[in-house]
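Visitor: Can you look at this prediction? I've put the sequence above it.
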Amino acid sequence: MLAGLVHLVLVPEHLKEMPALGVLFIVDSVALVAAGLWLFVAERDDAAWATAAVAGATATAYLVSRTIGLPVFGHEEWELLGVLTTLVEVAVALGATRLAFPTHPEMVMAPNTVRCDIDAR
């Protein structure tokens, strides 16, 4: 959600500089915040996947825009805020992926699941 809020703050600047990029920042902000809230509230595998996908796609777009450049938008310069935000997005994507692939039974996020420990002696 933090990355989404950072993108939202940058919307006016990007709308002035390049309106299409500003619109993408709006869409990305909404998607990042919505996915983060969904994961926080629902704690479900599909919410984890959505969060991982949105954060991963956002981080990838930043890295591509700074290395080879994005079609139409071209090549951008590296910025500290962008790098820090991208690091957060990568961490979120990895963490959400980890939630979607639990390795410990207690990490499984299944709605309406009741855990019952029965001692079969």
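Guide: Structure received. Numbers count the residues shown, from 1 in each chain.

Visitor: Give me the below-cutoff pLDDT ranges for the protein.
Guide: Per-residue confidence for the chain (pLDDT under 70) gives these ranges: 103-121.

Visitor: Just give me the residue right at the centre of it.
Guide: Ranked by distance to the mean C-alpha position of the chain (CA atoms, centre = their mean), the top residue is Ala55 at 2.2 Å.

Visitor: Check which helices and strands the host helix or strand of that residue sits against.
Guide: With elements taken from DSSP states H and E, the one containing Ala55 is helix 45-67. Where contact means 3 or more CB pairs under 8 Å, 6 or more residues apart in numbering; DSSP states H and E, helix 45-67 is packed against helix 2-17, helix 19-42, helix 80-100. For every residue, glycine as well, the C-beta is placed using N, CA and C.

Visitor: Helix 80-100 and that helix, what's the angle between them?
Guide: Compare the direction of helix 45-67 with that of helix 80-100 by axes from the mean of the first three to the mean of the last three CA atoms, to 10 degrees and you get 150 degrees.

Visitor: buried sites along helix 45-67?
Guide: Buried residues in helix 45-67, counting neighbours by 16 or more other CB atoms under 10 Å, are found at 45, 47-52, 54-56, 58-59, 61-62, 65-66.

Visitor: so which of the helices and strands packed on helix 45-67 comes closest to Phe73?
Guide: Of all these, it is helix 19-42 that lies closest to Phe73, at 5.8 Å by CB to CB.

Visitor: Run the angle between the closest one and helix 45-67 for me.
Guide: Using the same axes, to 10 degrees, the interaxial angle of helix 19-42 with respect to helix 45-67 works out to 150 degrees.

Visitor: Next, the angle from helix 19-42 to helix 2-17.
Guide: Here helix 19-42 runs at 160 degrees with respect to helix 2-17, directions being taken by the same axes, to 10 degrees.

Visitor: What is helix 19-42 packed up against?
Guide: helix 2-17, helix 45-67, helix 80-100.

Visitor: what's the spacing between the shortest one and its chain's center?
Guide: Right, the one you point to is helix 2-17. Distance of helix 2-17 from its chain centroid, counting by CA atoms, centre = their mean, to the nearest Å, is 15 Å.
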